[in-house]
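Colleague: Just need the structure, nothing else, for what follows:
(one chain, ligands or ions: 1)
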Amino acid sequence: MRIIRAAKVLTGRPGEAIEDGEVLVDGTKIVSVGPRGSAGEAGDVLDLPGHTVLPGMVDAHVHLGFDDKVDPVTRRSSESDHHLLLRMAENARKLVSAGVTTARDLGGRGFLDVVLRDAIEEGLAVGPHLVVATRPITITGGHCWYMGGEADDEPAIRRVARENLRAGADCLKVMASGGLMTPGAPPSWTPQYTTGQLRVVVEEAATRGKHVAAHAHAHDSIRSSVEAGVTTIEHCSFFTPSGHQYDARLADLVAASGTYVCPTVHGVISRIAEVHGQQMLDAWLAGVAAMRDAGIRVIAGTDAGFAVGDIPNPTDGYVGGLETFASVGYGNAEIIEMATIRAADACGVGEVTGSLDPGKRADLIAVAGDPLERISDLRNLALVLVSGRSVGQGTVDTVTTSVG
Ligand SMILES: [Zn+2]
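Modeller: Here you go, the predicted structure:
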């Protein structure tokens, strides 16, 4: 057993902080959380004065199968699955080295995300716990069709959904609208599916107790996603042919439904202006701020792996996304909640991770400083535990024998 003691312990619940606190870890699980001395003499003490211990962070939207530089469409024909799997393993290592201990991969090809998820759990690879969507469901030639999940009508949608679940998907991803980076696909302001078709995806996921993430830029797609009962809306950018047009009534509908929104805020967002202009960036960020004010349950996720134009959105840039939320007026306590327990709940794993509670996985980080005061202190990582296993840039003790 191990006692991790620090100047401050954040449990992950909104604003809850224990001054001079400690966490008792036994193997893969948290045993207790409380003030100094509460764990008794139960284990070796790792004392971290001047540090804050908090739950490991959750990235609700990544694509480990991309390298944040190369156009994935051209890459698909030139990179073997074998090579791609190694790339994904390296991206998983980068992600966990930034303090992300759980990530939801929302789309890749060949069910490689299932292989990587299981390899990480076995201790064969280093990375965060993964929640994987496998192939996004999309129309023929639609957004991200090249990942292999094309389906145009209800029977086909059921078929792809069931194949994904058979292969081991933890959730289903559906491309409710077009997107920004698939040549020849419908543009982002165009719906790809009707409400009824999206409902089929939700029904199929529900048969296995799984949730649905819907990629939706277009107004009608955001509305359809809510009506169909998806769990998370990705992007939710209120996109129209003339750019972002925030719709307060539609936002109220999203808020009232309790649907989570992952606006895929990442660390290189400010550089969007270089590609799409300052006006587009400002409108987009205003929408991100307005969604919080509307009472929408916003969560942290970066879309890491995809480039924005030629600008890399690197896999280890997670904290940059949180800083972007801070720059548009989100409070630090709220950001930490969005990055931990709220994102874990949205990804269907809030029962096992996302907060420091007895019985949950020992997924936690320690940082020098106090991220409640300065969100950028989340960059000062001193410790990353994934189910009690220590992971770091220089030190990795996640070989198979250490998993137990
Ligand atoms: Zn994405």
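
Colleague: residues touching Arg199, list them.
Modeller: Glu227, Ala228, Gly229 (CB atoms under 8 Å, 6 or more residues apart in numbering). Using the backbone N, CA and C atoms, a C-beta is placed for each residue, glycine as well.

Colleague: how close does Gly107 sit to His63?
Modeller: From Gly107 across to His63, the span is 6 Å (CB to CB, to the nearest Å).

Colleague: any idea what Gly196 is structurally, helix, strand or coil?
Modeller: Here Gly196 is helix, with the state taken from DSSP: H, G, I helix; E, B strand; the rest coil.

Colleague: Leaving out chain neighbours, which residue sits closest to it?
Modeller: Glu154 (7.6 Å; CB to CB, 6 or more residues apart in numbering).

Colleague: Please work out how many residues are found near that neighbour.
Modeller: By the measure other CB atoms under 10 Å, the count of residues near Glu154 is 15.

Colleague: Would you enumerate the residues in contact with it?
Modeller: Gly196, Gln197, Val200.

Colleague: before we move on, what about Val212?
Modeller: Here Val212 is in contact with 171-174, 198, 201-202, 205, 228-232 (CB under 8 Å, 6+ apart).

Colleague: Dig out what it forms beta bridges with.
Modeller: Beta bridges link Val212 to Leu172 when assigned by DSSP bridges.

Colleague: Look at Gly107 and His63 and report which has more neighbours.
Modeller: Counted by other CB under 10 Å, Gly107 and His63 do not tie: Gly107 has more neighbours, with 31 against 26.

Colleague: Quick check, the more buried one in contact with Arg135.
Modeller: Yes - Gly107 is within contact range of Arg135, at 7.1 Å (criterion: CB atoms under 8 Å).

Colleague: hey, what's in contact with both of the two?
Modeller: Common contact partners of Gly107 and Arg135 (CB under 8 Å, 6+ apart): Met147.

Colleague: Quick check: closest non-adjacent residue to Gly168.
Modeller: Nearest to Gly168 is Val114, by CB to CB, 6+ apart, at 4.1 Å.

Colleague: so how far is Met1 from that neighbour?
Modeller: Per CB to CB, Val114 is found 33 Å from Met1.

Colleague: Looking at these two, which one has more neighbours?
Modeller: Val114 (19 against 12).

Colleague: The more buried one is in what secondary structure piece?
Modeller: Per DSSP states H and E, Val114 falls inside helix 112-122.

Colleague: Who are the packing partners of that helix?
Modeller: Helix 112-122 sits against helix 81-97, strand 129-132, with contacts defined as 3 or more CB pairs under 8 Å, 6 or more residues apart in numbering; DSSP states H and E.

Colleague: Give me the angle between that helix and helix 81-97.
Modeller: If you take axes from the mean of the first three to the mean of the last three CA atoms, to 10 degrees, helix 112-122 sits at 50 degrees to helix 81-97.

Colleague: Restrict helix 112-122 to CA atoms and write it as CSV.
Modeller: Below are the C-alpha coordinates for helix 112-122, written out as CSV (Å, rounded to 0.1, in the frame of the first residue of the first chain):
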residue,chain,number,x,y,z
LEU,A,112,-7.1,-1.2,-33.9
ASP,A,113,-8.4,0.9,-31.0
VAL,A,114,-9.8,-2.3,-29.5
VAL,A,115,-6.4,-4.0,-29.8
LEU,A,116,-4.6,-1.1,-28.2
ARG,A,117,-7.2,-0.7,-25.4
ASP,A,118,-6.8,-4.3,-24.4
ALA,A,119,-3.0,-4.2,-24.8
ILE,A,120,-2.8,-1.2,-22.4
GLU,A,121,-5.0,-3.1,-19.9
GLU,A,122,-2.7,-6.1,-20.1
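
Colleague: Run through who's touching it.
Modeller: 64-65, 81, 84-85, 88-89, 92, 105, 125-134, 167-170, 400, 403.

Colleague: mind listing what's buried in stretch 141-154?
Modeller: Gly142, His143, Cys144, Trp145, Tyr146, Met147, Gly148, Gly149, Glu150, Ala151 (16 or more other CB atoms under 10 Å).

Colleague: Next, find the distance separating Ile233 from Leu281.
Modeller: For Ile233 relative to Leu281 (CB to CB), the value is 21 Å.

Colleague: Compare neighbour counts for the two and give me the winner.
Modeller: Ile233 (26 against 18).

Colleague: pLDDT value on the more buried one, please?
Modeller: Per-residue pLDDT puts Ile233 at 98.

Colleague: right, and the helix or strand after the helix or strand harbouring it?
Modeller: Ile233 is located in strand 232-240, with elements delineated by DSSP H and E. Going down the chain from strand 232-240, the next helix or strand is strand 243-244, by DSSP H and E.

Colleague: Give the partner strands of that following strand in its sheet and their orientations.
Modeller: By DSSP bridges, strand 243-244 pairs with strand 232-240 (antiparallel).

Colleague: Tell me how far Thr195 lies from Asp152.
Modeller: 16 Å.

Colleague: let me redo that: Glu234
Modeller: Glu234 is 21 Å from Asp152, by CB to CB.

Colleague: what's the answer for Gly209, then?
Modeller: Using CB to CB, we find Gly209 at a distance of 27 Å from Asp152.

Colleague: any low-confidence regions in the stretch 201-350 of the chain?
Modeller: In the predicted model, the stretch 201-350 of the chain carries pLDDT under 70 at residues 308-309.
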